[in-house]
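S.K.: Let me see the structure of the following:
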Amino acid sequence: MEQYVIKGGTPLRGEVDISGAKNAALALIAAAIMTDETVVIDNLPDVRDINVLLQAIEGIGAVVVRLTRNSVKINAGTISSVTVDYEYIRKIRASYYLLGALLGRFNEAEVALPGGCDIGTRPIDQHIKGFKAMGAEVKIEHGMIKTKAEELLGNHIYMDVVSVGATINIMLAAALAKGNTILENAAKEPHVVDVANMLNSMGANIKGAGTDVIRIKGVEKLHKTEYSVIPDQIEAGTFMCAAAATRGDVLVKNVIPKHLEAITAKLLEIGCTIEEYDDAVRVIGTDNLKCTQVKTLPYPGYPTDMQPQIVVTLAISQGTSIVTESIFENRFKYVAELNRMGANIKVEGNTAIIDGVSGYTGAEINAPDLRAGAALVIAGLVAKGFTTIDDIKYIQRGYENFEVKLRNLGANIEKVSSEKEAMKFKIKVG
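M.R.: Now for the predicted structure:
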């Protein structure tokens, strides 16, 4: 089993290029199967979730051609099935986007119930509500979500809770539904806007993405396009926190600074120096980081996917910080591992009370999920001595070349698959 072995204590310095956004790319792949013409997607991150979804659409008959490591050509004119039960698809949350895409195009879809990281319940009731409002019948049987409509009809849909997944899924289906759909209390995340932009480039008629009211005029068919995925705000934020925690100086390139404002604000509050450019953000850490309060909220609030990374940073900042998780109830599972490295964090319900300590010490720890895994890597980069992280398959789901990018910034980190390789690395770096 692959592990990361890290020798901490080196401030990160240099420049890092951010990959395309995983969460946007997954939805864009689903959108690409809504036409029988060829779609090219660029700036695609080469991570496990993306590769699984591409294999899944191949499994139902789409033709997928890798043009480069980060570029793919998809032709879904050959799709022969609307049933997606590829064994790996259950492991990724975004498999549900195939429901909206297939339902929109074929008026029918059957997709295995999705999995992903175990960070709390992520109900799909808002997705189902949206599909039913457009005239579809929805059933859950034998671990599959089955949905079918005689004809999809636009409707006025009010979301009970803000849901990125449901907003995108309903938008996909509504793009080819008959008539107009108004989606209220919609999610405003950058990847919602990205999906709307790509669908519009394919001939859809979607207005208001990025606000809480999205208006969709259904069209008869979609056509070919070439589209480039937006930069990954969560990968960018992870490197920003890594720069802050290690007291480093990192220029994070190929980003949209506006997408990072909530993260930037918190790093400024705790004492970092931030320089913003057109498509880059420079983060300079300091030895005297201060405490603050953070509450996760839907965009443009502080992202839940950046909660573990800021906690790792605040746990080695002066004073008492409070972090409130308002999106997922199981998102503090990594705290026990962090406390084993010397942190002083108490979790009460959905709140973490963090008393800052002077530093971490290396330990053998497990990555419980994708973002917590990345955060524990940051802790390892700060820690005195060696840290070994197991279950890095979670991290590989969402970060392309993570250890390579960190090494390029001066980190002592190695991906190993045996005790012998781990010992070799430890001897090499001393």
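S.K.: burial count for residue 140?
M.R.: 12 (other Cβ atoms under 10 Å). C-beta: built from backbone N, CA, C; applies to glycine.
S.K.: Roughly how far does it sit from residue 111?
M.R.: From residue 140 over to residue 111 the distance is 11 Å, taken as Cβ to Cβ, to the nearest Å.
S.K.: can you check residue 402 too?
M.R.: 29 Å.
S.K.: ok, the two, which is more surrounded?
M.R.: Between residue 402 and residue 111, counted using other Cβ under 10 Å, residue 111 has the larger neighbour count: 27 against 23.
S.K.: From what I see, that one and residue 95 are in contact.
M.R.: Yes. Shown here, residue 111 and residue 95 form a contact pair, counting by Cβ atoms under 8 Å, at 5.8 Å.
S.K.: Identify the contacts common to these two.
M.R.: 84, 89 (Cβ atoms under 8 Å, 6 or more residues apart in numbering).
S.K.: was I right about residue 30 contacting residue 97?
M.R.: Yes. With contact defined as Cβ under 8 Å, residue 30 counts as touching residue 97 (3.6 Å).
S.K.: shared neighbours, those two?
M.R.: residue 172.
S.K.: Low-confidence ranges, the stretch 151-300 of the chain, go.
M.R.: Scanning the stretch 151-300 of the chain for pLDDT under 70 picks out nothing.
S.K.: In it, what residue spans correspond to strands?
M.R.: Using DSSP state E, counting those that start in this stretch, the strands of the stretch 151-300 of the chain run over 156-158, 180-184, 205-207, 213-217, 225-228, 249-253, 273-276, 280-284, 293-295.
S.K.: show me where the chain has helices.
M.R.: 22-32, 48-59, 97-106, 125-133, 164-175, 190-201, 233-245, 261-269, 307-314, 335-340, 370-382, 393-396, 402-408, 419-429 (DSSP state H).
S.K.: Would you mind giving those as TSV with distance to residue 301 added?
M.R.: Shown next, in TSV, are the helices of the chain (distance: least, Cβ to Cβ, whole Å):
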stretch	distance to residue 301
helix 22-32	16
helix 48-59	24
helix 97-106	23
helix 125-133	19
helix 164-175	13
helix 190-201	13
helix 233-245	13
helix 261-269	6
helix 307-314	11
helix 335-340	22
helix 370-382	16
helix 393-396	24
helix 402-408	26
helix 419-429	39
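S.K.: Residue 157 is nearest to which of those?
M.R.: helix 125-133 (4.9 Å; Cβ to Cβ).
S.K.: Can you check the pLDDT for the residue nearest to residue 70 when sequence neighbours are not counted?
M.R.: Spatial nearest neighbour of residue 70, excluding adjacent residues (Cβ to Cβ, 6 or more residues apart in numbering): residue 44 at 5.1 Å. pLDDT for residue 44: 98.
S.K.: How about residue 114?
M.R.: 74.
S.K.: pretty sure it contacts residue 99?
M.R.: No. Between residue 114 and residue 99 there is no contact under Cβ under 8 Å: 9.6 Å.
S.K.: Specify which residue of these two has the higher count of neighbours.
M.R.: Using other Cβ under 10 Å as the criterion, residue 114 and residue 99 rank with residue 99 on top: 28 against 20.
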